[in-house]
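Novice: All I have is the shape, not the residue letters:
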């Protein structure tokens, strides 16, 4: 039985300086999903995160979230407030009238991540800031938790604790990370951003190489078939057809378009293979 859908984007279009970053973008997040968001630098991973949080709006298409869905986002870098202690930084993320009743969550998260709640945020090291950011993201227990490089500056013990925490987390998780082992241990689905398209694997990152290689090999076979068709069309055009005949003019134009499109797709395919 499939879990409840809590967030979706349908037929999304996103432009950057009039250039499409995504066209026909469709994605679904279900309750309890553990999603690895992967793709080359510049593929649009941060854009996807910002679409989910609502910071980035779609130029076209539909963004939907289940009413009452809460979204938390651990960004890669943030600037601490000079006047805040670790406790203030974490506690300020708890919302609602009964927030005072949830102070204990701050202590639990801080203890697990070896943080001194009385320490000023500006006195923390890079690793401690990362831990404070994790605690802040965790303490409200959002329905969708977005993580951008969560293992940066963490030692092996903290990473192990984080893996255990995420594997028991009740909400959905979407994670960007260069730590392959971490993704293998914590995900059950993959969103692969490849040349402006979102490809979805129903298995975790542990199977990503096998799955993505299969897709690329399938694409290569399709390109070879197209190449054969274009070769036949080019051969026809080289026979000295009567260009003044209207149907031949149209077909010659189509041959040029097919050849140019094939060249562009072959070039894009070669870039995609360099992973």
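Specialist: Nice, I can see it. Predicted model only: the values in this text are computed from it and were never measured.
Novice: what helix or strand does residue 234 sit in?
Specialist: helix 208-237 (DSSP states H and E).
Novice: And that helix, how far out from the chain middle?
Specialist: Counting by Cα atoms, centre = their mean, to the nearest Å, helix 208-237 is centred 27 Å from the centre of its parent chain.
Novice: Against which helices or strands is that helix packed?
Specialist: When contacts are defined as 3 or more Cβ pairs under 8 Å, 6 or more residues apart in numbering; DSSP states H and E, helix 208-237 packs onto strand 189-194, strand 197-201, helix 246-273. All C-beta atoms are positioned from the backbone trio N, CA, C, and that covers glycine.
Novice: So which of those is the most surrounded?
Specialist: Scoring the helices and strands packed on helix 208-237 by mean neighbour count under mean count of other Cβ atoms under 10 Å gives strand 189-194 as the most buried, with a mean of 20.
Novice: tilt between that one and helix 246-273?
Specialist: On the basis of axes from the mean of the first three to the mean of the last three Cα atoms, to 10 degrees, strand 189-194 is oriented at 120 degrees to helix 246-273.
Novice: And residue 138, how far from residue 124?
Specialist: As judged by Cβ to Cβ, to the nearest Å, residue 138 and residue 124 stand 17 Å apart.
Novice: between the two, which one's more packed in?
Specialist: residue 138 (23 against 18; other Cβ atoms under 10 Å).
Novice: For that one, pull up the helix or strand it's in.
Specialist: Going by DSSP H and E, residue 138 is part of helix 126-139.
Novice: buried residues in that helix?
Specialist: 128, 129, 130, 131, 132, 133, 134, 135, 136, 137, 138, 139 (16 or more other Cβ atoms under 10 Å).
Novice: measure the third one to residue 42 for me?
Specialist: The gap separating residue 130 from residue 42 is 24 Å, by Cβ to Cβ.
Novice: now swap in the fourth one and tell me
Specialist: Here the distance between residue 131 and residue 42 works out to 29 Å (Cβ to Cβ).
Novice: Strand partners (parallel or antiparallel) of the helix or strand residue 61 falls within?
Specialist: Using DSSP H and E, residue 61 sits within strand 60-65. Strand 60-65 sits in its sheet next to strand 5-16 (antiparallel), going by DSSP bridges.
Novice: how far out from the middle of the chain is the following helix or strand past the strand it pairs with?
Specialist: Later in the chain than strand 5-16, the nearest helix or strand by DSSP H and E is strand 19-30. Relative to the mean C-alpha coordinate of its chain, strand 19-30 is positioned 10 Å out (Cα atoms, centre = their mean).
Novice: got the angle for the helix or strand that strand 19-30 is followed by vs strand 189-194?
Specialist: Per DSSP H and E, the first helix or strand lying C-terminal to strand 19-30 is strand 34-39. Angle of strand 34-39 versus strand 189-194, following the same axes, to 10 degrees, is 10 degrees.
Novice: And strand 34-39, what does it pack against?
Specialist: helix 45-53, strand 172-176, helix 180-186, strand 189-194.
Novice: would CSV of those with distance to residue 233 and mean pLDDT be doable?
Specialist: Listed next are the helices and strands packed on strand 34-39 as CSV, based on distance: least, Cβ to Cβ, whole Å; pLDDT from 0 to 100:
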stretch, distance to residue 233, mean pLDDT
helix 45-53, 38, 94
strand 172-176, 43, 96
helix 180-186, 43, 97
strand 189-194, 28, 95
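Novice: which residues does the residue minimising distance to the centre of the chain bridge with?
Specialist: Compute the mean C-alpha point of the chain, and by Cα atoms, centre = their mean the closest residue is residue 37, 3.3 Å away. Note on residue 37: beta-bridge partners by DSSP bridges are residue 191.
Novice: mind checking how far it is from residue 45?
Specialist: Taking Cβ to Cβ, one finds residue 37 at 5 Å from residue 45.
Novice: joint contacts of the two?
Specialist: Common contact partners of residue 37 and residue 45 (Cβ atoms under 8 Å, 6 or more residues apart in numbering): 176, 193.
Novice: follow-up on the earlier one: packing partners for the helix holding residue 138?
Specialist: Secondary elements touching helix 126-139 (3+ Cβ pairs under 8 Å, 6+ apart): strand 71-74, helix 86-91, helix 103-112, strand 144-148, helix 156-167.
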